[in-house]
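Undergrad: Generate a structure from the sequence data that follows.
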Amino acid sequence: MGKYEDVFRASTEDPENFWLTAAEGIDWDVAPQHALDASGAPFYRWFPDGRLNVCFNALDRHVEAGRGDQLALIYDSPVTDTHHTYTYAQLRDEVAAFAGGLARLGVEQGDRVVIYMPMVPEAAIAMLACARIGAVHSVVFGGFAPHELALRIDDAAPKVVVSASCGIEGKRVIAYKPLLDRAIELAVHKPEKSVIFQRPQERAELGTDDIDWADLVAAASPADCVPVAANAPLYILYTSGTTGKPKGVVRDGGAYAVALHWSMGAVYDVGPGETMFTGSDVGWVVGHSYIVYGPLLAGATTVLYEGKPVGTPDAGQFWRVVAEYDVKTMFTAPTAFRAIRKEDPTGSLTEDYDVTSLRHLFLAGERLDPETYHWASTLLEIPVIDHWWQTETGWPIVANPVGIEAAPVKPGSPTRPLPGWDVRVLDPSGDPVPAGVDGAIVVKLPLPPGALPTLWNDDDRYVASYLSAFDGYYLTGDSGHIDDDGYVFVMGRTDDVINVAGHRLSTGSMEEALAAHPDVAECAVIGVADELKGQVPRGFVVLKAGVSRDATEVEAELVQLVRDRIGAVASLKSVTVVAALPKTRSGKILRKTMRGIADGHDEPIPSTVDDASVIEVLRPVLRHEDPTP
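TA: You can find the predicted model right below:
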């Protein structure tokens, strides 16, 4: 594929030719003659004259190429002790059958279908079935609260909702049908039908507007692929908005397929017949891109895992999956590895499995602290690759592209911008900052294929949220810097930069220092309001399993460690050992919620929270005055 500098230069100097060439990796009903349509700027469109079907590219073309017997999807569920495999031919047939069922319910091209499912193969089948007939899917994380699901139903206005009788969180069986019924009751928009996949762990009682998945498929005829315009929406995926109303990120199918197919080889070094295991959920963008669409577009084998990195039943499950399925590339969140490290600090459980097939470990979703990077690198003795992207972007912005040229790793940096992404760092006035100086990380427009072209039915909010801060740039909402070698350092969300007595300080730098302590499993630093200094940082740490030292002693060491590493200017005088940190279901620490509670606000518990009881335990700790102001 060439060296990084050559590929990157080609993407910036001649993006038209670069992306048309990348588009040759996709099968088109009508091949595009033009890459970028900038006539409606800042609403850019890619491959405006192309037509395709994304499901055909993910499934049918591999079967037609003679690889129908190759494994497409492996379902591994330690929580139900279930393993099941699908070849490309089998998965195509399952998808075509369910697509026929949706068509039988009147779902047509452009109609929306909300998918509210646990991590079962039927979730991926439903997504691909929508793509097959040109419908627009909107996956909502299984188990989301009824109010949040109702908001998404009202915004997407689906003709049909697809759900399951239950999900499984660790050892808990969670009935989905009552949650779905309540959401539909709350929603203004009423879907015509709900399709329910019955699981043996808990069957749902069906109402008059409900249809059993198995009955629907049994009565349906398989559906053929429907070609659609390249810039027709493939899906809507909702992400949190500052107003409380979720933002519906739109993904156009043609550009997404091109970008994902290109990224599978260039970034992840995964090709036909090779296995990728992404430890995430189909409810998040990572699951959309690198559990479902990306691996299948590339003709690879994907692992759909229903379980946790720890506790289902132990911290060795990721190694078991790697060993059993000859996984080449694994992708998960740093939180997962911090959890594994907390339970198994020496990594001894790897000795129970042959993990020699694993060539790369990719981590994303939050900042990869250097301590976790070093632990994973030493344990696995393979490249551990931090990379950075967002729901909005659909695929990585900054990464170490091992399929092009692996660059030397700098712990704390996801490496350099990928081809297609013109990343800059600006000061509040919109001027570029010198190398090494923190500022707002932005991307020069147009964004490459695969990134959001707008928000669902809300062009004004798209401009206001992402394009209005700096003219001609997409605002990522993250802060950081670029060093002299072009490496990007993402230090945290813009509101995680705190101002202490006029000094702008990155909480990410302080977290990096805390995480370096040998007793610390994970940590969070937040800025809380202070009458004298404006804000002061407070640190919260979870200790590794087996650490029995006095908490006060550890806390004092951590305060000194930050002072030694960053200096007295860091002003971190309060570090508290806690049992757990509040997180979203995707593993992100809820720093904004913690900060709001610490500032005395009546902070609502986010719908994405994994365990609300953690917040309640922390609430009195967060509201306690800093003992050493």
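Undergrad: Setting the sequence-adjacent residues aside, check what's closest to residue 576.
TA: residue 540 (5.3 Å; Cβ to Cβ, 6 or more residues apart in numbering). All C-beta atoms are positioned from the backbone trio N, CA, C, and that covers glycine.
Undergrad: in the stretch 51-200 of the chain, which spans are helices?
TA: For the stretch 51-200 of the chain, helices defined by DSSP state H, counting those that start in this stretch occupy the ranges 54-55, 61-62, 88-104, 121-133, 146-156, 177-186.
Undergrad: Check these for me and report the most buried one.
TA: The highest average neighbour count among the helices of the stretch 51-200 of the chain, using mean count of other Cβ atoms under 10 Å, belongs to helix 54-55 at a mean of 28.
Undergrad: Which one of the helices of the stretch 51-200 of the chain lies nearest to residue 609?
TA: Closest to residue 609 of the helices of the stretch 51-200 of the chain is helix 146-156 (Cβ to Cβ; 10.9 Å).
Undergrad: what does the closest one contact?
TA: 112, 114, 116, 136, 138, 140, 161, 179-180, 182-189, 191, 236, 238, 245-246, 248, 456-457, 607 (Cβ atoms under 8 Å, 6 or more residues apart in numbering).
Undergrad: at 7 Å what do you get?
TA: For helix 146-156, the surrounding residues in contact (Cβ atoms under 7 Å, 6 or more residues apart in numbering) are 112, 114, 116, 138, 140, 179, 182-184, 186-189, 191, 236, 238, 245-246, 248, 456, 607.
Undergrad: what's the helix or strand hosting the residue nearest to residue 576 packed up against?
TA: Per DSSP states H and E, residue 540 falls inside strand 534-543. Packing partners of strand 534-543 (3 or more Cβ pairs under 7 Å, 6 or more residues apart in numbering; DSSP states H and E): strand 497-500, helix 507-515, strand 520-530, helix 551-566, strand 574-577.
Undergrad: would you say residue 491 is within a strand?
TA: Yes - applying DSSP: H, G, I helix; E, B strand; the rest coil, one finds residue 491 inside a strand.
Undergrad: Let me know how buried it is, in neighbour terms.
TA: 22 (other Cβ atoms under 10 Å).
Undergrad: From here on, call the first residue 283.
TA: All set: I'll call the first residue 283, so the last point we hit is now residue 773.
Undergrad: low-confidence ranges in the stretch 783-911 of the chain?
TA: 783-786, 814, 849-851, 907-911 (pLDDT under 70).
Undergrad: should've said the chain
TA: Those would be 283-284, 522-526, 777-779, 783-786, 814, 849-851, 907-911, if you go by pLDDT under 70 across the chain.
Undergrad: which residues sit in contact with the closest residue to residue 388 other than its chain neighbours?
TA: Leaving aside its sequence neighbours, residue 388 sits nearest to residue 441 (Cβ to Cβ, 6+ apart; 6.6 Å). Residue 441 is in contact with 388-389, 393-395, 473-474, counting by Cβ under 7 Å, 6+ apart.
Undergrad: Going by distance to residue 875, which of these wins?
TA: Nearest member of the contacts of residue 441 to residue 875, counting by Cβ to Cβ, is residue 394, at 30.1 Å.
Undergrad: how near is the closest one to residue 387?
TA: Distance from residue 394 to residue 387, counting by Cβ to Cβ, to the nearest Å: 13 Å.
Undergrad: So which of these two has more stuff around it?
TA: Taking other Cβ under 10 Å, residue 394 and residue 387 do not tie; residue 394 has more neighbours (24 against 16).
Undergrad: Please verify my assumption that that one contacts residue 442.
TA: No - contact criterion Cβ atoms under 7 Å: residue 394 and residue 442 do not qualify, at 8.5 Å.
Undergrad: What is the neighbour count of residue 322?
TA: There are 11 residues near residue 322, going by other Cβ under 10 Å.
Undergrad: what's the neighbour count on residue 742?
TA: Residues near residue 742, counting by other Cβ under 10 Å: 9.
Undergrad: Over to residue 905?
TA: As a measure of burial, residue 905 has 12 neighbours, counting by other Cβ under 10 Å.
Undergrad: got a list of what it touches?
TA: Contacts of residue 905 (Cβ under 7 Å, 6+ apart): 879-880, 882.
Undergrad: Are any of those buried, and if so which?
TA: With burial judged by 16 or more other Cβ atoms under 10 Å, the buried subset of these is 879-880.
Undergrad: For the stretch 633-782 of the chain, which segments are assigned as strands?
TA: 642-645, 666-668, 680-681, 698-699, 705-708, 721-726, 755-764, 770-775, 779-782 (DSSP state E, counting those that start in this stretch).
Undergrad: so which of those strands comes closest to residue 788?
TA: So among the strands of the stretch 633-782 of the chain, strand 770-775 is nearest, using Cβ to Cβ, at 4.1 Å.
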